[in-house]
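**Student:** Structure here, sequence nowhere to be found:
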DNA sequence: ACTGTTTCGACAACCACGTTGACGATCGTA
DNA sequence: TACGATCGTCAACGTGGTTGTCGAAACAGT
C-alpha cells in the first residue's frame, strides 16, 4: 500500500504524461507559427480532426470532443473569426448548420498532421520505434477507448 | 516523411498522452470526492505539492508552476476560500506573505499521494511494473526536465 | 542618510474554455 | 394538427490563465 519506490512516487506519472503532451503541443504550435499559422492554439488541431473533411454540426462536434454543444459552438465561433471554419446552412434541415473547414482550415489540418508525424518520428529516433509503439499500446490499454471518441468517423479523415 | 504507419498517425500520440493524464486525474478526483474532498479540482494537487510542507510565497509558487505570480495568487485565493491554504505575514519581510497548507490541506495532499500511488500500482498490475517504469523513463527522455520544475525543492516534500 | 532600483502582493481588464439553464425555431411523428 | 425531441444560440457564471499598473517594503550605492 505504501509507495512502491520512493524515487517514483505516483504523482510523477501524471506529471510526465502532461509534460509529454505539452511538449508535443508546444513544439507543434511553434512550428505551425513558423509556417504561417501563428494564431492556432492548443486543441484547435483536435477540433480540425473532429470536424474532418466532411464537416459536422456544433452538437455533433461537442459529442465527439466530450464537451457541451455550447462550448463546441463557442470554439467554432473563434475558429470562424480566425478564418479556419465556416458555417453553412443544411439544406435538408433548417435547424442545423454545417461546420466545415475553409481552405485555410484544410491547410492547418494538413500541416498539423505532418508536424505531428515529424514529432513522433523524432521520439522514435530518440527512443526507438518499438518503444514509442509500446508506449502507445500501453496507454491504449489503460485509458478508456472512447475518452476522445477516437472511434467516431471523422477522426483520421475517415 | 510520410506517416510511418497508417494506423498510427502522429496525432494519436498526444491524444493518448492526454487521455492517460485525464484518466489519472479523473480517477484521483473521483476518489478524493469519496474521501471528503469533493471541491478539489484538477491541478490543486500539483499546487499542494508545489506549496509543500514548508510553505512558499505566491511569486515563488508561480515560478515553480511556470505561471505568472498573479495567476498563482488567484489560485491561492480559491484554495484559501476552500480552507486548504492560509496566508501568514512573513516576520522578516513585510512585503511577503507565506502561503501554507492548513490541516485540511495537509490531509488533501496526503490523500492525493496515496491515491496516485494506488493508481500507478493499478497500471503496474495491468501492464507490468517494468512497462510502467519504461514508460516513465521514455517520457523523461523526451521532455525537458524543468518543464514543471521537478527539481525545485518543495516538490516531493523535499 | 538619502536616493534609486528591485521585489512582493494586489488590483483591473481581458481572454480562452468550460459549465447550466432557458428559449425560439424546426423536424418527425402519433 | 398537435406534441415532443432536437438544433443553435443567448445569458450568466466559474476557472485558470494573461498583461499592465501600482503602492509598499527591501536593498544597494553614493
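**Tutor:** Looks like it arrived, so ask away. Everything numeric here is computed off the predicted structure, so don't read it as measured data.
**Student:** all strands of chain A, in order?
**Tutor:** Under the criterion DSSP state E, chain A contains strands at A:85-89, A:97-101, A:153-156.
**Student:** need the contact list for the closest residue to residue A:59 other than its chain neighbours.
**Tutor:** Of all residues not flanking residue A:59 in the chain, residue A:69 sits nearest, at 4.4 Å (Cβ to Cβ, 6 or more residues apart in numbering or on different chains). Where you see a C-beta, it was placed from the backbone N, CA and C, and this is true even at glycine. Contact partners of residue A:69, counting by Cβ atoms under 8 Å, 6 or more residues apart in numbering or on different chains, are A:58-59, A:61-63.
**Student:** just these that are near DNA strand D?
**Tutor:** Among the contacts of residue A:69, proximity to DNA strand D is found for A:58-59 (Cβ under 7 Å from any atom of the strand).
**Student:** Which pair in the contacts of residue A:69 has the greatest spatial separation?
**Tutor:** Using Cβ to Cβ, those reach their maximum pairwise distance at A:58 and A:63, which is 10.0 Å.
**Student:** Contact residues of chain A facing DNA strand D?
**Tutor:** So far as Cβ under 7 Å from any atom of the strand goes, chain A lies against DNA strand D at A:57-60, A:69-70, A:73, A:76, A:87, A:93, A:95-97.
**Student:** In PyMOL, how would I select just the buried ones from these?
**Tutor:** When burial is assessed using 16 or more other Cβ atoms under 10 Å in any protein chain shown, the buried subset of those is captured in PyMOL by this command:
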select buried, chain A and resi 57+58+59+60+73+76+87+96+97
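**Student:** Roughly how far does residue A:28 sit from residue A:91?
**Tutor:** 36 Å (Cβ to Cβ, to the nearest Å).
**Student:** Compare the two (neighbour count), which wins?
**Tutor:** Legend: neighbour count by other Cβ atoms under 10 Å in any protein chain shown for residue A:28 and residue A:91, higher for residue A:28 (22 against 8).
**Student:** Tell me who's in contact with the nearest residue to that one once chain neighbours are set aside.
**Tutor:** Leaving out its chain neighbours, the residue that sits closest to residue A:28 by Cβ to Cβ, 6+ apart is residue A:115, at 5.2 Å. Neighbouring residues of residue A:115 by Cβ under 8 Å, 6+ apart: A:27-28, A:31-32, B:10.
**Student:** Residue A:115 and DNA strand C, how far apart?
**Tutor:** 18 Å (Cβ to the nearest atom of the strand, to the nearest Å).
**Student:** low-confidence ranges in chain A?
**Tutor:** A:1-8, A:146-158 (pLDDT under 70).
**Student:** same thing but at 90, please
**Tutor:** Along chain A, segments meeting pLDDT under 90 span A:1-12, A:15, A:26, A:41-43, A:45-46, A:144-158.
**Student:** Show me which helix runs longest in it.
**Tutor:** Longest helix of chain A, by residue count under DSSP state H: helix A:103-127.
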